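Compute the structure for the input listed below.
(one chain, ligands or ions: 1)
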Amino acid sequence: MNKRLWSIKEYPFQPEKLHYHETIFTIGNGYIGTRGSFEEGYDGDSPATFVHGLFNHAEGELAPELVNCPDWTHLNIWVDDTPFKLITKSPDPFHPPEGLVLGYERRLHMDIGVLRRTVLFRATTGNTVRIEFERFASLDNVHLMCQRIHVTAIDGTPKVTIQAVLDGNVTNQGVQHWGEMRAHQLSEKTIALTGVTNQAKYQLNIVSQLHVHHENKNIAYDFNEDTAFATSVIPLEKDGEVEFLKYSVITVDDVGDSPLESALHMLHEANNFDYELNSHKFVWQKYWETTDIQIEGDELAQVGIRFTTYQILIAAPVNGIDASIGAKTLSGYGYAGHVFWDTELFMMPPLTLTHPDLARNLLMYRYRRLDGARQKAQENGYEGAMFPWESTDTGLETTPIWTEPKPPDGRRIRIYTGEIEIHISSDIAYGILQYWRWTGDDKFMRDYGAEIVLDTAVFWGSRAEPTERGYEMTDVIGPDEYHEHVNNNVFTNRMAQWHLSEALNLLDWLKDNANDDYIRLVEQLDLSDERLNLWRDVIDKIVIPFDEEKQLHVQFEGFFDLEYIPVMKYSPRVGGIWDYLGHERALASQVLKQADVVMLMALLGEEVGSREVMLNNFHTYYERCDHGSSLSPAMHAWVAARLGLMDIATEMMEHAVLIDLEDNKGNVHQGIHGAASGGAWQMIVFGFCGLHIKDGQPVISPNLPEYWKSVTFSVRYHGKIHRFTAR
Ligand code: IFM
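Take a look at the predicted model:
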């Protein structure tokens, strides 16, 4: 295995990119995500551990957010009496430094989900040690987190002190979500914290043990109200070595009847680092067996796609965890951990096609929140289920209605997406139908999926406005969020039309194949003949704006009356064109934030129109799009590759696959762009390799970038693994 193509490295230490690396080096296991902050801390750092589903709405805040939990990685270290910190040069040239870092390397091993760091450190005494850090969040037991710290005396006979810390004094960048936080000693060797969030009342337990592999091992325990310490002091001989192990277990009040006891039990079971590491590696191997894409001829894209896929895999909740993946995964504070359409249309498809159990879990998250969607529909005067634009643990709409105040004048911008960005209900239906098509999981469809697809179809039937032109949907926001309060957005209307017709097909299938479920759902959702006729009428007559003369779709009515701005002129640039033109002007122009009509072509392919229409659509919207959203480049690459526009496809691919590694949106410090990560996988598999189902079998029709020699990947279709090599 070529390590270079399976890992991300920081060498030497780059303090100016501290927050970027904290995000990039996130580890996780589908239950927790922990940013790559240093064990010993660093001035201005932003450590965070998020647990799936642990949201809280603190008083005075605009919306609930994922709660930052106590940092299980935290360690204080001294060599002799010099605190171990990453100081790379002496602050005062005339005095010896207080400890000096002589060497540093950090590497994320994506093949096995392990973060390692090696530091060569000289204490004020002149004694020098090499410290090797290793951490992982076990994929074998997702409640378990393991650390190994190996210290070797390089020069002299240093005394090494390690203090394992559980510090309950944590906030979300100043916002307090913890109502109570208590440190305690749980058993002779176990330090523990128990916290309860101040609004949602989730109880979190985190328990840790420090183990020392050395003949002189000794550990002292100490506690104050919200912090617990386990401290060990080891005098090393010349060339001596010591290994410290810290095991931590996190449970929320979701594990059995007694989460604290479960935590303690799991902690007692974990006492062999190599055994835990091997069990963890074994699951990773299974993950990669089907998910990995091998690109021959492009090492940059190879590392890029492994990185984006790794990010999806560490964020995907494993079975039994009632959560979905937020827009920034579990890697940062961005979007407060909220779940958007990013999940079903961007992050889920790679899972649907490679690890359908993980995809199913995401769909179950939506199923369990159907009542929230029904409540939203009702509150807005509609029928059926209308999913929230931003979702958290409750399933209610949680989109904030204002942005945070922006400097310099503290202005806030009104956010309307929670009220009128309604396409998410079709996006979820698309995710379900795609899951069904690829897995053949009829049982899921009968028991859960159909209810979602049908009740969201009920919503569309009630949302479509009958007018003399047919049916319209006014006052919406499409995927391109630069344009608010628009009428008849093509993406929204066309996806609703597609959704309704899929719902009718599904009903036919249920009638023939699962009649009991058909009868149950018809009754429960009131799928009367009258309602189904309404759906048929909407399908026939919904307004899909189209310019007959130019043979192209019009993103929404009146779009081409807006100011035309040649977006390409403003390149190269990092952010969206908003940053240059300002909010008002961008809103009043034809500049698009992201793929909208292009996205529709990615999802529905040739159903959207003839090749001529597809090409007209692509060229028209591509030159107007500023990719202000990270969701955009991969979708453009996908569609361009299908249309054979290889220069554009290749350029967009390079942008998409390195969005986070190259920080080409400039905001990686806020977290990974989960949708862009999932989009990158789809861009390669569906776009460049042209994977599709033909005559009941998956097949490819590749159009690769010129310098790619081949792409190899696997997918599961109806339970069977198919391996493809595209050239
Ligand atoms: O869901 C996206 C949206 O399409 C664009 N703004 C960011 C959201 C979260 O990623």
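
check contacts around residue 271.
With contact set as Cβ atoms under 8 Å, 6 or more residues apart in numbering, residue 271 has these partners: 211, 247. No exception for glycine: its C-beta is placed from N, CA and C like everyone else's.

wouldn't residue 234 be in contact with residue 158 here?
No. The pair residue 234 / residue 158 is not scored as a contact, 9.2 Å apart, by Cβ atoms under 8 Å.

okay, now residue 418: neighbour count?
Residue 418: 17 surrounding residues under other Cβ atoms under 10 Å.

which residue sits closest to it in space, ignoring its chain neighbours?
residue 399 (2.8 Å; Cβ to Cβ, 6 or more residues apart in numbering).

what's the burial count for that neighbour?
For residue 399, the neighbour count with other Cβ under 10 Å is 19.

what do you get for the one 3 residues further on?
Residue 402 has 11 neighbouring residues, counting by other Cβ under 10 Å.

for the closest residue to it other than its chain neighbours, what are its contacts?
Distances taken as Cβ to Cβ, 6+ apart put residue 412 closest to residue 402, at 4.4 Å, once the chain neighbours are dropped. Contact analysis of residue 412 by Cβ under 8 Å, 6+ apart lists 402, 403, 404, 405, 406.

rerun at 7 Å
Residue 412 makes contact with 402, 403, 405, according to Cβ atoms under 7 Å, 6 or more residues apart in numbering.

List phi and psi for the last one.
Read that as residue 405. phi -60, psi 140 (degrees, to the nearest 10).

Kindly report the same for the one 5 residues further on.
Backbone dihedrals for residue 410, given as degrees, to the nearest 10, come out at phi 70, psi 20.

do the same with residue 593
Backbone geometry at residue 593, expressed as degrees, to the nearest 10, gives phi -80, psi -30.

and if you look at residue 629?
phi -110, psi 140.

So which elements touch the lengthiest helix in the chain?
Using DSSP state H, we find that the single longest helix of the chain is helix 490-513. Packing contacts for helix 490-513, counted by 3 or more Cβ pairs under 7 Å, 6 or more residues apart in numbering; DSSP states H and E, involve helix 424-439, helix 450-463, helix 515-524, helix 529-541, helix 597-604.

Can you name the residues of the stretch 201-350 of the chain that neighbour the ligand?
Contact residues, the stretch 201-350 of the chain versus the ligand (Cβ under 6 Å from any ligand atom): 327, 335, 340, 341, 342.

now, the most widely separated pair of those residues?
For these, the farthest-apart pair by Cβ to Cβ is 335 and 341; their separation is 12.3 Å.

While we're on residue 89, how confident is the model there?
pLDDT recorded at residue 89 is 67.

ah, wrong one, I meant residue 574
68.

Now do the helix or strand of the chain with the lowest mean pLDDT: everything it contacts.
The least trusted helix or strand in the chain, going by mean pLDDT, DSSP states H and E, turns out to be helix 578-581, with a mean of 79. Helix 578-581 has contacts (Cβ under 7 Å, 6+ apart) with 570, 586, 628.

now the residue lying closest to the second one once chain neighbours are set aside: how far from residue 300?
Put plainly, it is residue 586. Nearest non-adjacent residue to residue 586, counting by Cβ to Cβ, 6+ apart: residue 578, 4.7 Å away. Distance of residue 578 to residue 300, computed by Cβ to Cβ, to the nearest Å: 29 Å.

So which of the two has more stuff around it?
Legend: neighbour count by other Cβ under 10 Å for residue 578 and residue 300, higher for residue 578 (17 against 13).

At which residues are the helices of the stretch 1-150 of the chain located?
18-24 (DSSP state H, counting those that start in this stretch).

okay, and for it, where does confidence drop off?
88-91, 93, 95-97 (pLDDT under 70).

Spit out the contact partners of the residue in it that the ligand sits nearest to.
Proximity of the stretch 1-150 of the chain to the ligand (Cβ to the nearest ligand atom) peaks at residue 63, 13.4 Å away. Contacts for residue 63 (Cβ under 7 Å, 6+ apart) come out as 57, 336, 398, 400.

Residue 247 now?
Counted by Cβ under 7 Å, 6+ apart, residue 247 has contacts 144, 146, 208, 209, 267, 270.

Which one of these is nearest to residue 531?
Among the contacts of residue 247, residue 144 lies closest to residue 531 (Cβ to Cβ), at 49.9 Å.

my guess is the closest one meets residue 249, correct?
Yes. With contact defined as Cβ atoms under 7 Å, residue 144 reaches residue 249; the gap is 5.6 Å.

okay, the two: which has more neighbours?
residue 249 (28 against 25).

I'd like the next helix or strand past the helix or strand containing that one.
Assigned by DSSP states H and E, residue 249 falls within strand 241-252. Remark: after strand 241-252, the chain's next helix or strand is helix 259-269, criterion DSSP H and E.

contact partners of that following helix?
Residues contacting helix 259-269 (Cβ under 7 Å, 6+ apart): 141, 143-144, 186-187, 190, 194, 203, 205, 207, 209, 247, 249, 251-253, 255-256.

residue contacts, the residue of the chain positioned farthest from its centre?
Using Cα atoms, centre = their mean, the residue of the chain lying farthest from its centre is residue 94. It sits 48.1 Å away. Residues in contact with residue 94 (Cβ under 7 Å, 6+ apart): none are found.

now do residue 562
588, 589, 590.

What number of residues are in the vicinity of the last one?
In this case it means residue 590. Residues lying near residue 590 (other Cβ under 10 Å) number 22.

if I read this right, it contacts residue 623, doesn't it?
No. The pair residue 590 / residue 623 is not scored as a contact, 9.6 Å apart, by Cβ under 7 Å.

low-confidence ranges in this structure?
Using pLDDT under 70, the chain drops low at 88-91, 93, 95-97, 254-257, 574.

The ligand contacts on that one?
327, 335, 340, 341, 342, 479, 481, 629, 631, 675.

What count of nearby residues applies to the closest residue to the third one other than its chain neighbours?
Among residues not flanking residue 340 along the chain, residue 327 sits closest, at 5.2 Å (Cβ to Cβ, 6+ apart). Residue 327 has 27 neighbours, counted by other Cβ under 10 Å.

list the contacts for residue 327?
334, 335, 338, 340, 342, 674, 675 are the contacts of residue 327 under Cβ under 7 Å, 6+ apart.

Tell me which of the residues you listed fall in helices.
Among the contacts of residue 327, the members found in helices (DSSP H) are 674, 675.

neighbour-wise, which of the contacts of residue 327 leads?
Among the contacts of residue 327, residue 674 has more neighbours than the rest - 31 neighbours, counting by other Cβ under 10 Å.

Test my guess that that residue contacts residue 347.
Yes. Between residue 674 and residue 347 there is a contact under Cβ under 7 Å: 5.2 Å.

And the residue of the stretch 601-727 of the chain closest to the ligand?
Using Cβ to the nearest ligand atom, residue 629 is the residue of the stretch 601-727 of the chain that sits closest to the ligand, at 4.3 Å.
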